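[1] Below are the sequence and a predicted model for it; my questions follow.
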Amino acid sequence: MIYLDNNATTQIDPRVAEHVSQILAQRLVNPASQHAPGRSSRSIVEDSRESLLIRFNARTRGMHSDRAIFTSGGTESNNLAICGLIAQRQGALVVSSIEHPSVLAMAQRLELMGRTVRYLPCLQSGQVDIQPLAQWIEQGEAIAAVSIMLANNETGVLQPVQEVVRLCKGAGIPVHTDAVQAVGKIPVDFQALDVDAMTFTAHKMHGPVGIGGLIVKHGIEMEPMLYGGFQQGALRPGTESPVLASALAFTTELAIGQQEVRFERMIQCRELLESILIAEIPGAIVLGSDAPRLPHTISISFAGLDRQLMQLALDREGVACGTGSACASGSSQPSHVLQAMGLPKQIVQGAIRLSLSCETTLEQVQQAAERITRVAHRLGSTKNSSQSS
Ligand SMILES: Cc1ncc(COP(=O)(O)O)c(C=O)c1O
């Protein structure tokens, strides 16, 4: 099986697995306990926090240090960022229409609870159109917070986060970015982005599922979503896991430390895969290919084919791929991202997602391309013959 569904989750790096088992073997206790074993656990948690801030070039020194909050993953970080930022602020929540369901579903819930939510449209390039935001700000509309992803999980298209920050800064509007798919693929510098909160998660970069983080800029007031203990400044209470905290820090260190090499390798694989598919399959188009993109994500449409049939057939042929956000898979809903891009129905219907990782080889890509081509030709001809009969 050739695994090309890395945007859903990556397979764990054996070095991370080894690291986790070493920390587990230390039989650590509650890091909030005041005794010596508790202090040992605490130092692992705090070292991990510090390491994350350093990797993202967040502020680590003294009174103006940014905060790294451990969560259960990207979904929780997105939920916490949005609810936390708007709780004490008046006005609308602004999100883009191509956000991950963990942002959009929360926005819809807040809408049901009476909050005004404004959706930024998407251009056909796959980039969010920020013109309406500029207008709302110019017209003096009250905006509580803006959430826009750094890179889209379906197309890989990079989003204009810095432009959004530039617009919002003067108006004092906090900005959150979901950097889940970008971390470890492209440079992610928290201070340079100048956002107020940033989401990331371990399992998209060969770490374990179940641990993620939210970096929060110094001085940003946020409300918790969970209530209980005083852990993590009471912003995310609950006993912290030294094992998972350390696994997240180690995974991030590996991913960011090797990012440039990984980028080159993934770009090479992506270009090979795209060029073969486009040459061999009539009507195949790569969506979002005119915009700057992540090195590992291909959204490709085979016009006239059905994405779900294609995915099933590829699975049987030994290629694991996705049809959109993993959180939405299983549903027969067409991709909200591709629809927001204004693509014709036929293109949306026939689009699958091929997502590579730093572990994908050129040989695998070559083989995958042959299998995908075979399946596309077969499904295409089946369709034509059934239509003519
Ligand atoms: C862009 C984006 N944000 C958030 C998430 C959710 O992350 P998690 O699975 O860690 O909850 C995902 C996962 O697919 C994602 O791709």
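    Looks like it arrived, so ask away. Numbers count the residues shown, from 1 in each chain.

[2] what does the stretch 101-250 of the chain put close to the ligand?
    Residues of the stretch 101-250 of the chain found near the ligand (Cβ under 6 Å from any ligand atom) are 102, 149, 153, 178, 180, 181, 201, 203, 212. Placement of C-beta: from N, CA and C, glycine included.

[3] isn't the first one right next to residue 78, touching?
    I take that to be residue 102. Yes. With contact defined as Cβ atoms under 8 Å, residue 102 counts as touching residue 78 (4.3 Å).

[4] who has more neighbours, the two?
    Between residue 102 and residue 78, residue 78 has the larger neighbour count (other Cβ atoms under 10 Å), namely 31 against 20.

[5] ok so, going back, overlap in contacts of residue 102 and residue 78?
    Counting by Cβ atoms under 8 Å, 6 or more residues apart in numbering, the contacts common to residue 102 and residue 78 are residue 178.

[6] avg pLDDT for the biggest helix by length in the chain?
    For the chain, the helix with the greatest residue count under DSSP state H is helix 362-388. In this model, helix 362-388 has a mean pLDDT of 80.

[7] How about stretch 175-194?
    98.

[8] CA atoms of it as CSV?
    Only the C-alpha atoms of stretch 175-194 are listed here, as CSV (Å, rounded to 0.1, in the frame of the first residue of the first chain):
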residue,chain,number,x,y,z
VAL,A,175,-6.0,37.3,14.6
HIS,A,176,-5.7,33.5,14.9
THR,A,177,-4.2,31.2,12.4
ASP,A,178,-4.5,27.5,12.0
ALA,A,179,-1.0,26.4,11.0
VAL,A,180,-1.7,22.7,11.3
GLN,A,181,-0.7,21.7,7.8
ALA,A,182,2.0,24.3,7.4
VAL,A,183,4.3,23.5,10.3
GLY,A,184,7.3,21.4,9.2
LYS,A,185,6.4,22.0,5.5
ILE,A,186,7.3,25.7,5.2
PRO,A,187,8.9,28.1,7.7
VAL,A,188,6.5,29.2,10.4
ASP,A,189,7.8,32.1,12.4
PHE,A,190,5.3,33.3,15.1
GLN,A,191,6.8,36.7,15.6
ALA,A,192,7.1,37.4,11.8
LEU,A,193,3.5,36.3,11.3
ASP,A,194,2.6,38.6,14.1
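
[9] Flag every buried residue along it.
    Across stretch 175-194, burial judged by 16 or more other Cβ atoms under 10 Å covers 175-186, 188, 190, 193.

[10] Going along the chain, name the strands of this protein.
    Assigned by DSSP state E, the chain shows strands spanning 2-3, 67-71, 92-96, 117-120, 143-147, 175-178, 197-201, 212-216, 284-286, 297-302, 319-320, 351-355.

[11] Does the last one reach the ligand?
    What it means is strand 351-355. No. Figure legend: strand 351-355 not in contact with the ligand (Cβ under 6 Å from any ligand atom); closest approach 9.7 Å.

[12] how far out from the middle of the chain is stretch 196-208?
    8 Å (Cα atoms, centre = their mean, to the nearest Å).

[13] hang on, isn't residue 120 packed against residue 134?
    No. If you go by Cβ under 8 Å, residue 120 and residue 134 don't touch, sitting 10.4 Å apart.

[14] Please identify which of those two sits among more neighbours.
    residue 120 (24 against 14).

[15] Show me the beta-bridge partners of the more buried one.
    Per DSSP bridges, the residues bridged to residue 120 are residue 96.

[16] now it: how far from residue 94?
    Noted for residue 120: a distance of 6 Å to residue 94, by Cβ to Cβ, to the nearest Å.

[17] Identify the contacts common to those two.
    residue 133.

[18] give me the residue from the stretch 201-350 of the chain nearest the ligand.
    Proximity of the stretch 201-350 of the chain to the ligand (Cβ to the nearest ligand atom) peaks at residue 201, 3.5 Å away.

[19] per-residue pLDDT, residue 332?
    On the pLDDT scale, residue 332 gets 65.

[20] show me the contacts for the residue of the stretch 1-150 of the chain found nearest the ligand.
    Closest residue of the stretch 1-150 of the chain to the ligand, Cβ to the nearest ligand atom: residue 74 (2.4 Å). Residues counted as contacts of residue 74 (Cβ under 8 Å, 6+ apart) are 100, 102, 178, 180, 199, 200, 201, 204, 212.

[21] And the closest residue to residue 273 other than its chain neighbours, how close does it get to residue 380?
    Ranked by Cβ to Cβ, 6 or more residues apart in numbering and with sequence neighbours excluded, the top spatial neighbour of residue 273 is residue 365, at 4.7 Å. The gap separating residue 365 from residue 380 is 22 Å, by Cβ to Cβ.

[22] thinking again about what came up before, can you name the residues bridging to the closest residue in space to the residue of the stretch 1-150 of the chain closest to the ligand that isn't next to it in sequence?
    Spatial nearest neighbour of residue 74, excluding adjacent residues (Cβ to Cβ, 6+ apart): residue 201 at 3.8 Å. Beta bridges link residue 201 to residue 212, judged by DSSP bridges.

[23] ok, so what distance separates residue 201 from residue 122?
    Per Cβ to Cβ, residue 201 is found 23 Å from residue 122.

[24] Next: residue 93.
    In terms of Cβ to Cβ, residue 93 sits 17 Å off from residue 122.

[25] Please identify which of the residues of the stretch 101-250 of the chain next to the ligand is nearest to residue 251.
    Residue 251 lies nearest to residue 203 out of these, by Cβ to Cβ, at 8.6 Å.

[26] wait, isn't that closest one in contact with residue 7?
    No. Under the criterion of Cβ under 8 Å, residue 203 makes no contact with residue 7, lying 10.7 Å away.

[27] Between these two, tell me which one has more neighbours.
    More crowded of residue 203 and residue 7, by other Cβ under 10 Å: residue 7, with 27 against 21.

[28] For the residue lying closest to residue 211 once chain neighbours are set aside, give me its contacts.
    Of all residues not flanking residue 211 in the chain, residue 244 sits nearest, at 3.9 Å (Cβ to Cβ, 6+ apart). Listed by Cβ under 8 Å, 6+ apart, the contact set of residue 244 reads 70, 202, 208, 210, 211.
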